[in-house]
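*Asks:* sharing a model prediction with you, sequence too.
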Amino acid sequence: LNGTAVTSPEANDLEYLTPVTIGNVTFHLDFDTGSADLWVYSDELPTDEQTGHAVYATTDSKLLPGSSWEILYGDGSSAGGDVFADTVVVGGLTATMQAVEAAATLSAEFERDAHSDGLLGLAFSTLNMVKPQKQSTFFDNVKSQLDLPVIATSLKHGAPGTYDFGFIDENKYTGPLTYVDVDSSRGYWTFTADAYAFGDDQISTSLTGIADTGTTLILLPSDTVSRYYANVSGAQDSPLHGGYVFPCDSKLTPFTLVVAGNHSVTVPGELINYAPVGSVSNLCFGGIQAASGLVDINIFGDVFLKSQYVVFDAGSQGGPRLGFANQ
Ligand SMILES: NCc1ccc(-c2ccco2)nc1
């Protein structure tokens, strides 16, 4: 059995939300290949923090005695609580004894997020934060039902896309899929590009980072980022806006990763114009920004992934790997 779930972008493609049924309640979760916990807003939160969200009814649920979770994300947000076992359905696929992490506390960033009802982690289960015993991701729990141990993402700019589980949909991409090996030793979908380019300016330095559907932008080392915006007239690193901004009518340079020897994976400049900073100024916020102090890895987030159909292959032909094709 395979499955497909439709995922829809919030405003400015800030995050993509996908319907998930837990018990008999449907939650809209942020699928995150950069983490490995499935957590939901719950009735253990202060009432005002539950408002506007689907809420997990812990009093009707099967507690995992003695288990708890606490997670800190790269953007500084955090959440924590206790753990239940429940039936979770995504795109027609069912995991009957899925660890569902009920949020009892949320950081301010999540309190301000009026739309997502929680996260569904799709990184490797070694990254799960439940104690005393790590729990398996939804993907690991349904993997044995799938034709192939793969998740394939089609995220789009300003339009619904899909998560395919167990199969690769040839109708969703053009040209060949180019595969690159993944180092899963730190629990992320980590890969290395042999080189990269800003337009025609090829830089023969390798770049290692993670494919992360749960991060909005592309986050790179600050000297690399300043080199990118040196090509964009009127661009400046703005403390006021928290990163590089530029005139909205700027023609942005494409960003290319060179993988698997000589295959180019290119993000068109248009996708690197992330969004206007406000309604009055003509400044726009860049889709490539510097990774913050908390994050010591490069992150190829949604701005990067939107240009590609991406196959997160957990081992259909040996080790884990990522496949990229234009969409
Ligand atoms: N990369 C994981 C992740 C996803 C979402 C969020 C978040 C914070 C506030 C709203 O959403 N933080 C981290």
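*Replies:* Everything's here; your move. All figures in this text were calculated on a predicted structure; none of them were measured in a lab.

*Asks:* up against the ligand, what does the stretch 51-200 of the chain have?
*Replies:* On the criterion CB under 6 Å from any ligand atom, the ligand has as its neighbours in the stretch 51-200 of the chain the residues 73, 75, 77, 109-110, 113, 119. Heads up, the C-betas are built off the backbone N, CA and C, glycines and all.

*Asks:* neighbour-wise, which one of those residues leads?
*Replies:* Among those, residue 119 has the most neighbours (other CB atoms under 10 Å), with 25 neighbours.

*Asks:* just to revisit the earlier point, nearest to residue 3, of the residues of the stretch 51-200 of the chain next to the ligand?
*Replies:* Closest approach between those and residue 3, by CB to CB: residue 119, at 18.7 Å.

*Asks:* pLDDT score assigned to the residue nearest to the spatial centre of the chain?
*Replies:* When CA atoms, centre = their mean is applied to the chain, the residue found nearest the centroid is residue 213 (1.6 Å). You'll see residue 213 listed with a pLDDT of 99.

*Asks:* in helices, which of the residues of the stretch 51-200 of the chain next to the ligand appear?
*Replies:* Among those, the members falling in helices (DSSP state H) are 109-110.

*Asks:* what strand or helix carries the residue nearest to the centre of the chain?
*Replies:* Following DSSP states H and E, one finds residue 213 outside all helices and strands.

*Asks:* that one is in contact with residue 29, isn't it?
*Replies:* No: applying CB atoms under 8 Å as the test, residue 213 and residue 29 come out as separate, 11.4 Å apart.

*Asks:* distance of residue 44 relative to the ligand?
*Replies:* 19 Å (CB to the nearest ligand atom, to the nearest Å).

*Asks:* for the residue nearest to the centre of the chain, which non-adjacent residue is spatially closest?
*Replies:* Nearest residue to residue 213 in three dimensions, chain neighbours excluded: residue 33, at 4.6 Å (CB to CB, 6 or more residues apart in numbering).

*Asks:* residue 145 too?
*Replies:* Looking at residue 145 with CB to CB, 6+ apart, the closest residue is residue 1, at 4.9 Å.

*Asks:* again, but for residue 133
*Replies:* Leaving aside its chain neighbours, residue 133 sits nearest to residue 67 (6.8 Å; criterion: CB to CB, 6+ apart).

*Asks:* give the next helix or strand downstream of the strand or helix carrying that neighbour.
*Replies:* Under the criterion of DSSP H and E, residue 67 resides in strand 62-72. Next helix or strand after strand 62-72 toward the C-terminus (DSSP H and E): strand 78-90.
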